Structure formats: C-alpha cells, structure tokens
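In: predicted model and sequence below, questions to follow.
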Amino acid sequence: MAAPVLTVNNIEVIYNDVILVLKGLSLQVEEGAVVALLGAALGWLAIQFGRFNDQLFEQLGPIKHAIVIGLLLCMMGVLGKIVLRLLFGIKYLISLPAFSLNI
C-alpha cells in the first residue's frame, strides 16, 4: 500500500449558512492515484443547460419545447446506453420477457 499524499477528515460544507452540502466526508489519496473533482464542472454545465432550456422555451412555445426536449432526452438515453454497453458490457437496462420488452 502506497503512502497517502493527501488525507482529509470530516469535511462539512454549508451553502449560504442554510443548506448542508457535505457532512463527514473523509478522503485519502494515495501516491500514484488519479483523482478528478467534477462538482464545479457539472454545476456550470447544469447552469448552461438551464439557460439554453429557458431560451428554447421562449422561442418554441410549450408544445414544440416538450417535443424537442423529449427527443433530446431520447438521444441522450441512446448515447448513455451505448456507453454502458461498450464500457461495462450491460446489454439491457430493463428486460421484461413477458412483454417482449428489452431496453
């Protein structure tokens, strides 16, 4: 076992003095380990998607917006399924043989 390069114990993060985001998080990173922090990147992505969604709703109206978002979610689901199949060998997410339904 390699020596720890970084050790953090019992982190607590409170957002705006109201919302407890992290409680009791402990982390130990050993030498040679690869660590990625995704919090800020995913937060930025969510904000950008929210802005895009608001602009799309204003431009298209509620009916077209619902159709476009539904199709976008289907496309993202197909991409997610491809990734799960290629990386982890997961063939079906849902399998109901009685109804011949395999997703």
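Out: Looks like it arrived, so ask away.
In: going forward, measure contacts between C-alpha atoms and count neighbours the same way
Out: OK.
In: Three-state assignment for the residue lying closest to I90 once chain neighbours are set aside, please.
Out: For I90, ignoring the flanking residues on the chain, the nearest one in space by Cα to Cα, 6 or more residues apart in numbering is L84 at 5.7 Å. Using DSSP: H, G, I helix; E, B strand; the rest coil, the structure places L84 in helix.
In: point me to the helix or strand that includes the residue nearest to the spatial centre of the chain.
Out: Geometric centre of the chain, nearest residue: L42, 7.4 Å, by Cα atoms, centre = their mean. Assigned by DSSP states H and E, L42 belongs to helix 39-60.
In: so how far is that helix off the chain centroid?
Out: On the basis of Cα atoms, centre = their mean, to the nearest Å, helix 39-60 sits 14 Å off its chain's mean C-alpha point.
In: tell me the mean pLDDT for that helix?
Out: Mean pLDDT, helix 39-60: 83.
In: mind listing what's buried along that helix?
Out: Neighbour-count burial for helix 39-60 flags 56-57 (criterion: 16 or more other Cα atoms under 10 Å).
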